[in-house]
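*Asks:* Got a predicted model here, sequence first, then my questions.
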Amino acid sequence: MQGQTNIGIFGAGSIGCYIGAHLMQAGFTTQLLGRESLKREVEQHGLSASNYKGANISLPPGRVRIETDARGLSAADIVLVTVKSGDTRAAGEALQSNLKKGTIVVSFQNGLSNASLLEKLLPDCQVLGGMVPFNVIREPGARFHCGTSGNLMIAAGAASERVSRLLGDAGLRTDVRRDLPAVLRGKLIFNLNNALNALAGVPLREELSDRAYRRILAAAMEEARAVFRAGNEPVARVGKMIPWLAPKVLRLPNWLFFRIAASMIKIDPEARSSMWEDLERKRTTEIDYLNGEILSRAAPLGMTVPVNATIVSLIRDAEKQKTGSPRLSAATLQRAMGSAFPV
């Protein structure tokens, strides 16, 4: 069965390589479209994927097919798009002339509008929105480590069950959701921590162990929820993570927070956000599609979101500096937010 479905992954970064390793291990014909630097690294080391539970996949170089041109995905039956949100248009344009009619395209990206953009650019394809709840960090030697828990999700559609079964066969549990736009808004609320973790420059578990950081995150989340409510845009829970409950949980004393959080999400001690990785690698971040998305939605509603606005400004400063994470303490962040941060 596996050999009968040809799968392409456009944007073989941390998420793409982690998913791709599972598909290859399961025997699916899989091509990764990535940078030349990734190809050289895989040719030397092979491709490895691990997770916080201790599972490990190790593929020798001969098992991994990496393309550097979109023409290499022309035979694909299913394409998973895993590029950064800012690269979605370029990805869609590159795929326009290279995919056969009816190809299933799944957007496994952060942000809210990527699937809609791909649908416009690829009218002859079956485009599905998707959501990746877990965090993956790239390590030296083409190793990719998943440090948090959660199931993949895709929007309900004609091809959804096929994609869900395929990913499930590869060991990646996938839920089909009829309310995916609301799920993506819920995910965005939790993804606001991506930038906060990048500014803090410490592992996610260490950051969330500090109540002062958690209070900043809670304030950012409440701004986002207020904007979505004002815009009549519903928000759905993401697995066990509940957007409307999270700010209250984050503000709890440590002993109670740890007890409740442990039942909601599992976090590896070394897990960090993808935006932290972007700053460390001196790459452009997705800030405009995360905290920046809240600013964009707030403006036409006549609303201000000072906590998120400060975080956006600090990330943009860090991008310009190109020196990695600024490693800002919670106290420093609160001072930067001034009276906007609730004491």
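*Replies:* Now that the structure is in, tell me what you want to look at.

*Asks:* Relative to Gly201, how far out is the nearest residue in space to Ala200 that is not next to it in sequence?
*Replies:* Leaving aside its sequence neighbours, Ala200 sits nearest to Glu207 (C-beta to C-beta, 6 or more residues apart in numbering; 4.9 Å). All C-beta spots, glycine's among them, are computed from the backbone N, C-alpha and C. As defined by C-beta to C-beta, to the nearest Å, Glu207 lies at a distance of 9 Å from Gly201.

*Asks:* Those two - which one has more neighbours?
*Replies:* Glu207 (24 against 19; other C-beta atoms under 10 Å).

*Asks:* now the more buried one: how far from Phe228?
*Replies:* For Glu207, the distance to Phe228 equals 24 Å [C-beta to C-beta].

*Asks:* any residues touching the helix or strand hosting the residue nearest to Ala200, and which ones?
*Replies:* Assigned by DSSP states H and E, Glu207 belongs to helix 204-208. Helix 204-208 is contacted by residues 135, 147-148, 193, 196-197, 200, 213-214, 261, 267-269, 271-273 when judged by C-beta atoms under 8 Å, 6 or more residues apart in numbering.

*Asks:* Are any of those residues buried, and if so which?
*Replies:* 135, 147-148, 193, 196-197, 200, 213-214, 261, 267-268, 271-273 (16 or more other C-beta atoms under 10 Å).

*Asks:* Which of those sits closest to Arg316?
*Replies:* Closest to Arg316 out of these is Leu196 (14.5 Å), distances taken as C-beta to C-beta.

*Asks:* any idea how far that closest one is from Gly130?
*Replies:* Applying C-beta to C-beta to Leu196 and Gly130 gives a distance of 24 Å.

*Asks:* what do you get for Ser58?
*Replies:* On the measure of C-beta to C-beta, Ser58 and Gly130 end up 26 Å apart.

*Asks:* who's more crowded, the two?
*Replies:* More crowded of Ser58 and Gly130, by other C-beta under 10 Å: Gly130, with 27 against 14.

*Asks:* Helix or strand: which one has the more buried one?
*Replies:* Per DSSP H and E: strand 126-131 holds Gly130.

*Asks:* now Cys115, nearest residue through space, not along the chain?
*Replies:* Just to correct that, residue 115 is Ala rather than Cys. Gly129 (3.6 Å).

*Asks:* And for Leu59?
*Replies:* Distance criterion C-beta to C-beta, 6+ apart; nearest residue to Leu59, sequence neighbours excluded, is Leu47 at 4.6 Å.

*Asks:* quick one on the thing from earlier: helices or strands up against the strand holding Gly130?
*Replies:* In terms of contacts (3 or more C-beta pairs under 8 Å, 6 or more residues apart in numbering; DSSP states H and E), strand 126-131 is packed against strand 104-107, helix 114-121, strand 152-155, helix 180-200.

*Asks:* Tell me which residues of the helix or strand just after that strand come out buried.
*Replies:* Using DSSP H and E, the helix or strand that follows strand 126-131 towards the C-terminus is strand 136-139. Within strand 136-139, the residues scored as buried using 16+ other C-beta under 10 Å are Val136, Ile137, Arg138.

*Asks:* give me the number of residues near Gly72?
*Replies:* Neighbours of Gly72 (other C-beta under 10 Å): 16.

*Asks:* How confident is the prediction for it, by pLDDT?
*Replies:* Looking at Gly72, its pLDDT reads 91.

*Asks:* cool, Arg40 as well?
*Replies:* Note on Arg40: pLDDT of 93.

*Asks:* can you check the one 3 residues further on too?
*Replies:* The per-residue pLDDT reported for Glu43 equals 93.

*Asks:* Next: Val343.
*Replies:* 50.

*Asks:* Now do the helix or strand containing Ser37: distance to the chain's middle.
*Replies:* Taking DSSP H and E as the criterion, Ser37 maps to helix 36-45. Centre-to-centre, helix 36-45 and its host chain are 23 Å apart (C-alpha atoms, centre = their mean, to the nearest Å).

*Asks:* Can you name the residues in contact with stretch 17-29?
*Replies:* Stretch 17-29 is contacted by residues 2-3, 5-7, 9, 12, 30, 32, 34, 38, 47-49, 57, 59, 63-64, 80, 82, 108, 136, 138, 142, 144, 146, 166-167, 169-172 when judged by C-beta under 8 Å, 6+ apart.

*Asks:* What's the mean pLDDT across that stretch?
*Replies:* 96.

*Asks:* Could I get the buried residue list for that stretch?
*Replies:* Those buried within stretch 17-29 under the rule 16+ other C-beta under 10 Å are Cys17, Tyr18, Ile19, Gly20, Ala21, His22, Leu23, Met24, Gln25, Ala26, Phe28, Thr29.

*Asks:* Show me the shaky parts of the stretch 201-343 of the chain.
*Replies:* 340-343 (pLDDT under 70).

*Asks:* now the helix or strand in which Ile294 is found, how far from the chain's geometric center?
*Replies:* Element membership of Ile294 [criterion: DSSP H and E] is helix 291-298. Distance of helix 291-298 from the chain centroid (C-alpha atoms, centre = their mean) equals 17 Å.

*Asks:* quick one, that helix and helix 180-200 angle?
*Replies:* Angle of helix 291-298 versus helix 180-200, following axes from the mean of the first three to the mean of the last three C-alpha atoms, to 10 degrees, is 130 degrees.

*Asks:* So which bits of helix 291-298 are buried?
*Replies:* Asn291, Gly292, Glu293, Ile294, Leu295, Arg297, Ala298.
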